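>>> Next comes the sequence, and after it the predicted model I'd like to discuss.
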Amino acid sequence: MRHEYYYYTKEELLDAPKIPVVVMDDNAAVFEAMAQEMAEEIKRKNALGEKTVFICPVGPVGQYPYFVDIVNRENISLKDVWFINMDEYLTDDKEWIDASDRLSFRGFMDRTVYTKIRPELVMPPQQRVFPDPHDLEHIQKLIKELGGVDICFGGIGINGHVAFNEAQDELTPEEFRNLHTRTLAITRETRTTNAIGDLNGAIDDMPRYCITIGMNEIYGARKIRLGCFRDWHRSVVRHAAYGEVSAHFPVTLLQEHPDAMIRITEFVADLPQ
């Protein structure tokens, strides 16, 4: 069956998307916009004397250097900020891969974000949170204790996954939306795509398992902001914006969210004919 939306022109894509789509000049513009929204929300919540709670990805990651620069330049305190990271790779024994591994999301955040922000501004270690395979209920409980997530930032995978919420065709949309933090096997298409981006195609060295926050935690965020900029995002974004809501392509569930948005580049918007 041919899916007509995969072949939508830029004009057709922007005509009536079920998730709002904003087109920006290039990758840098998408990343800068994400970083600026992060900083502005923190400043707003700081002024109110309130906590800021983000769900954060390691993919996309281009926003973090901009964010670090803004925080350091504008002296933005992160002392009342919680970063809840979406996911992490696991070993075959279902343990976190070592933080020193080049693929580790924990290692990435430490190297690229936390150690780059001035010590007097950065949040304490206990507010830098990753889902733990030994305490699957922790993220859910923490979000409740903190009063909810202000913004969930992220991207979209080749099969429509957000975080590592891989497609499960056997589930209804409602069943999928109710999934919480869990460990799972990573699909071959996701491992292949990530191997191309992270290991020069060495798929046999890609982890087979991961831990991810659930679609429930993501959907519960007050705002959801996704960034897409790769060549294969051309079809992914069109499916997200016009496809049927289903667990087959999980990002489509966000069509029903009250404040979700996808930022894309002109490259993704312009489909070669």
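Nice, thanks for sending it over.

>>> now the helices for the protein?
Under the criterion DSSP state H, the chain contains helices at 10-13, 27-48, 63-74, 105-109, 138-146, 173-177, 188-198, 215-219, 233-242, 266-269.

>>> same for the one helix or strand in the chain whose mean pLDDT sits lowest, what does it pack against?
Ranking every helix and strand in the chain by mean pLDDT, DSSP states H and E puts helix 188-198 at the bottom, with a mean of 95. On a contact count with 3 or more Cβ pairs under 8 Å, 6 or more residues apart in numbering; DSSP states H and E, helix 188-198 meets no helix or strand. Bear in mind the C-beta positions are built from the backbone N, C-alpha and C, glycine included.

>>> Tell me the spacing between the residue sitting nearest the centre point of the chain and residue 29.
In the chain, the C-alpha nearest the mean C-alpha coordinate belongs to residue 154, at 2.0 Å (Cα atoms, centre = their mean). As judged by Cβ to Cβ, to the nearest Å, residue 154 and residue 29 stand 18 Å apart.

>>> same thing with residue 138?
Here residue 138 is placed at a distance of 36 Å from residue 29 (Cβ to Cβ).

>>> How about residue 14?
Taking Cβ to Cβ, one finds residue 14 at 16 Å from residue 29.

>>> ditto for residue 248
Counting by Cβ to Cβ, the gap from residue 248 to residue 29 is 31 Å.

>>> quick one: residue 202 and residue 195 touch, right?
Yes - the criterion here is Cβ atoms under 8 Å, and residue 202 meets it with residue 195 at 5.8 Å.

>>> Might one say that residue 167 is in contact with residue 248?
Yes - judged on Cβ under 8 Å, residue 167 makes contact with residue 248 at a distance of 5.3 Å.

>>> tell me, what's touching the two both at once?
The contact sets of residue 167 and residue 248 overlap at residue 160 (Cβ atoms under 8 Å, 6 or more residues apart in numbering).

>>> Who are the contact partners of the closest residue to residue 226 other than its chain neighbours?
Spatial nearest neighbour of residue 226, excluding adjacent residues (Cβ to Cβ, 6 or more residues apart in numbering): residue 262 at 4.7 Å. Contact analysis of residue 262 by Cβ under 8 Å, 6+ apart lists 17, 19, 20, 21, 22, 156, 226, 227, 228, 237, 240, 241.

>>> Filter these down to just the buried residues.
By neighbour count, with 16 or more other Cβ atoms under 10 Å, the contacts of residue 262 hold 17, 19, 21, 156, 226, 227, 228, 237, 240, 241 as buried.

>>> How many neighbouring residues does residue 175 have?
Residues near residue 175, counting by other Cβ atoms under 10 Å, number 12.

>>> Would you agree it is in contact with residue 253?
No - applying Cβ under 8 Å as the test, residue 175 and residue 253 come out as separate, 10.7 Å apart.

>>> Look up how far residue 53 lies from the closest residue to residue 173 other than its chain neighbours.
Residue nearest to residue 173 in three dimensions, not counting chain neighbours: residue 245, with 5.1 Å by Cβ to Cβ, 6+ apart. Separation of residue 245 from residue 53 (Cβ to Cβ) stands at 26 Å.

>>> more crowded one of the two?
Using other Cβ under 10 Å as the criterion, residue 245 and residue 53 rank with residue 53 on top: 25 against 19.
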